[in-house]
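Fold the following and give me the result.
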Amino acid sequence: MLEMTINDKACRGCQLCLDVCPTECFSFDVQTCKAGVAILENCIACLSCAFICPSGAISHRNHHEVKNFYRNIEFSRRMERFL
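Sure thing, here's the model as predicted:
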């Protein structure tokens with residue numbers, strides 16, 4: 001099962017994770033000025049939040065990574081004859 005954590009000490013409160021998340025997994029606490037995981041079940045593990053976080057406060061575990069084969073030039077050359 002997917003796990004996502006936000007390091008409270010590292011979170012700067014920039015809200016970039018809220019802006020980039022396509023499924024609205026995050027919440028923002030105005031008192032502490034920190035982001036939090038609101039609805040983990042909505043997460044599709046696109047990892048956009050982790051990539052955009054300037055402080056690296058967001059981490060994911062137990063997610064499946066799909067290799068971007070279309071960016072692999074050698075693979076694309078081998079598959080060219082089939083496309």
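
pLDDT score assigned to Leu18?
With respect to pLDDT, Leu18 has a value of 95.

do Val66 as well
61.

who does Lys34 bridge with?
For Lys34, the beta-bridge partners are Asp29 (DSSP bridges).

Ramachandran coordinates for the closest residue in space to His63 that isn't next to it in sequence?
Nearest non-adjacent residue to His63, counting by C-beta to C-beta, 6 or more residues apart in numbering: Ala45, 4.0 Å away. Just so you know, the C-beta spots here come from the backbone N, C-alpha and C atoms, and that holds for glycine as well. Dihedral pair for Ala45: phi 60, psi 40, per degrees, to the nearest 10.

you'd agree Ala45 is up against Ile58?
No - counting by C-beta atoms under 8 Å, Ala45 stays clear of Ile58, with 11.8 Å between them.

how close does Phe28 get to Asn62?
Look at Phe28 and Asn62: by C-beta to C-beta, to the nearest Å, they are 25 Å apart.

Which one's more surrounded, the two?
Phe28 (15 against 9; other C-beta atoms under 10 Å).

hang on, that one packs against Cys21?
No - at 11.4 Å, Phe28 and Cys21 do not qualify as touching, with contact defined as C-beta under 8 Å.

Ala45 and Ile58: which is more packed in?
When Ala45 and Ile58 are compared for neighbours, Ile58 comes out ahead with 23 against 14, by other C-beta under 10 Å.

check contacts around that one.
Applying C-beta atoms under 8 Å, 6 or more residues apart in numbering, we find Ile58 in contact with 4-7, 17, 49-50.

what about the chain, any weak spots by pLDDT?
65-72, 75-76, 79, 82-83 (pLDDT under 70).

for it, what spans make up the strands?
3-6, 26-29, 34-37, 58-61 (DSSP state E).
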